[in-house]
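# have a look at this fold, sequence not included:
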């Protein structure tokens, strides 16, 4: 494979640009790196003898600022990271979405597939929005963790937003904003998409000892401490150690 001058590409989560050779290997991002020898299938040939014309080097693109939201249309926006380019002669792949911004000299915006909302969603242990579960009373929140209450499921809407939802305002004023959603929980701003909140559970388990320091936890979770201790008192042949409260989400 031979990459063209100006072409940018991803390798191991980082972005690089193919540039004309200056001093052999000296300015290349892969100099003295093991990837220089075993990554040709991704970065392409670089030496003059292996290319049709001159040799090339590969430079790692420098990030400019933090990721931010880029509005492509009223109902389509993405999270992008800006990178500084090495000149305006740029060849870009189709995916992920990449945009040359004319107002910023020598830079490109690259869509971040694993964006901040995704990472927070995983951290909060959120699940995909389930309309029937929401109707049955299961807790709902936004993708960025705001509490949400669905107050209407059948709003008349020519644009397909029948859900009316009160969403927690986490700003200085602790009130609720009114927002409208599609039946799948989507809205115009992805961070406000509806998700299923994890349900917190608690229970009590007993800890026993068989002897010889062989301590183990009982396999029954009781709804109250009283019921757990009553069950422990009926156990024979083992030594009761304690009754412990446990909590989990699902």
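All right, it came through fine. For clarity, every value in this text was computed on a predicted model and none was experimentally measured. Numbering: from 1, shown residues only.

# residue 167: neighbouring residues, count only.
Residue 167 sits with 20 neighbouring residues when counted by other C-beta atoms under 10 Å. Placement of C-beta: from N, CA and C, glycine included.

# tell me which stretches of the protein form helices.
35-38, 40-43, 116-123, 131-135, 225-233 (DSSP state H).

# which other helices and strands contact the fourth one?
Right, the one you point to is helix 131-135. Contact analysis of helix 131-135 by 3 or more C-beta pairs under 8 Å, 6 or more residues apart in numbering; DSSP states H and E lists strand 194-196 as its packing neighbours.

# which residues are in contact with the strand it packs on?
Identification of contacts with strand 194-196 by C-beta atoms under 8 Å, 6 or more residues apart in numbering yields 121, 126-130, 133-134, 138-143, 148, 150, 163, 165, 181, 185-187.

# do that again at 7 Å, thanks
By C-beta atoms under 7 Å, 6 or more residues apart in numbering, the list of residues contacting strand 194-196 from outside reads 121, 126-130, 133, 138, 140-143, 148, 165, 181, 185.

# and the pLDDT at residue 34?
Note on residue 34: pLDDT of 48.

# how near is residue 92 to residue 107?
Applying C-beta to C-beta, to the nearest Å, one obtains 12 Å for the distance of residue 92 from residue 107.

# between these two, which one's more packed in?
Comparing residue 92 with residue 107 by neighbour count (other C-beta under 10 Å), the higher total belongs to residue 107, at 19 against 16.

# so that one touches residue 80, yeah?
No - in terms of C-beta atoms under 7 Å, residue 107 does not count as a neighbour of residue 80; the distance is 10.9 Å.

# pLDDT on stretch 64-75, on average?
Mean per-residue pLDDT for stretch 64-75: 75.

# buried ones in it?
Neighbour-count burial for stretch 64-75 flags 67, 70 (criterion: 16 or more other C-beta atoms under 10 Å).

# measure the closest residue in space to residue 85 that isn't next to it in sequence to residue 77 for me?
Ranked by C-beta to C-beta, 6 or more residues apart in numbering and with sequence neighbours excluded, the top spatial neighbour of residue 85 is residue 106, at 4.7 Å. Counting by C-beta to C-beta, the gap between residue 106 and residue 77 amounts to 24 Å.

# which one's more surrounded, these two?
Remark: of residue 106 and residue 77, residue 77 carries more neighbours, 15 against 12, as counted by other C-beta under 10 Å.
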